[in-house]
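**Student:** model this:
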Amino acid sequence: MVTRRQVLRGALAAGAIGGLAGCSGGASSGGSTVTMKDTAFHPVRTSVEAGTTVTWTNEDSYGHTVAAATLTDGATQWSFETGTLNNGDTATHTFDQKGVYEYYCTIHGKDTMCGAILVGGASLDASLPCESGSSSGSGGGGYS
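**Tutor:** Numbering: from 1, shown residues only. Predicted structure coming up:
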């Protein structure tokens with residue numbers, strides 16, 4: 001069994017995680033991290049530069065997925081689906097083109113667990129279904 005520490009150590013050594021402090025998910029030269037915790041993606045919105053690799057990490061004790069979606073009118077069409085990620089599992093995708101890349105967990109649904117990767121200065125003015133009318137990107141589940 002691979003531990004979370006081993007996964008993180010390997011990702012750090014490979015340069016896949018640029019800044020994990022607080023799991024901010026902000027842009028960095030090496031990559032960006034989105035966590036799955038309390039049945040939500042954290043952060044819900046992640047801004048990165050083109051060429052950035054995003055890593056999704058499941059920190060819940062149950063499974064989640066990451067699947068490409070079109071949740072708003074401005075979404076970029078893309079194809080991505082992870083299958084079930086269990087506790088400690090990760091998935092990555094490199095975003096090479098500017099755009100708004102939306103996704104959700106097929107297990108928990110678009111209204112509960114969704115997110116967007118904003119690449120190359122792209123912006124999203126609309127609320128995602130899981131934001132309950134908020135564009136703050138704070139997500140649900142009380143995660144801070």
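
**Student:** use CA for all of it now, contacts and neighbours both
**Tutor:** OK.

**Student:** Can you classify the residue nearest the centre of the chain by secondary structure?
**Tutor:** Note on the chain: the residue nearest the mean C-alpha position is Val34, at 3.9 Å, using CA atoms, centre = their mean. Using DSSP: H, G, I helix; E, B strand; the rest coil, the structure places Val34 in strand.

**Student:** Tell me the bridge partners for it.
**Tutor:** With DSSP bridges as the criterion, Val34 is bridged to Trp56.

**Student:** Correct me if wrong: it contacts His42.
**Tutor:** Yes. Val34 is within contact range of His42, at 5.5 Å (criterion: CA atoms under 8 Å).

**Student:** Mind jotting down where the strands sit in the protein?
**Tutor:** For the chain, the strands defined by DSSP state E occupy 32-37, 40-42, 45-48, 52-58, 67-69, 90-95, 99-104, 114-119.

**Student:** JSON lines please, covering these and showing mean pLDDT.
**Tutor:** Formatted as JSON lines, the strands of the chain follow (pLDDT from 0 to 100):
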{"stretch": "strand 32-37", "mean pLDDT": "98"}
{"stretch": "strand 40-42", "mean pLDDT": "98"}
{"stretch": "strand 45-48", "mean pLDDT": "98"}
{"stretch": "strand 52-58", "mean pLDDT": "98"}
{"stretch": "strand 67-69", "mean pLDDT": "98"}
{"stretch": "strand 90-95", "mean pLDDT": "98"}
{"stretch": "strand 99-104", "mean pLDDT": "98"}
{"stretch": "strand 114-119", "mean pLDDT": "98"}
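
**Student:** Asp73 versus the residue nearest to the centre of the chain, what's the distance?
**Tutor:** Per CA to CA, to the nearest Å, Val34 is found 23 Å from Asp73.

**Student:** Equivalent analysis for Val54, please.
**Tutor:** For Val54, the distance to Asp73 - CA to CA - is 23 Å.

**Student:** Likewise for Tyr101?
**Tutor:** 12 Å.

**Student:** same check, this time on His108
**Tutor:** From His108 to Asp73 the distance is 22 Å (CA to CA).
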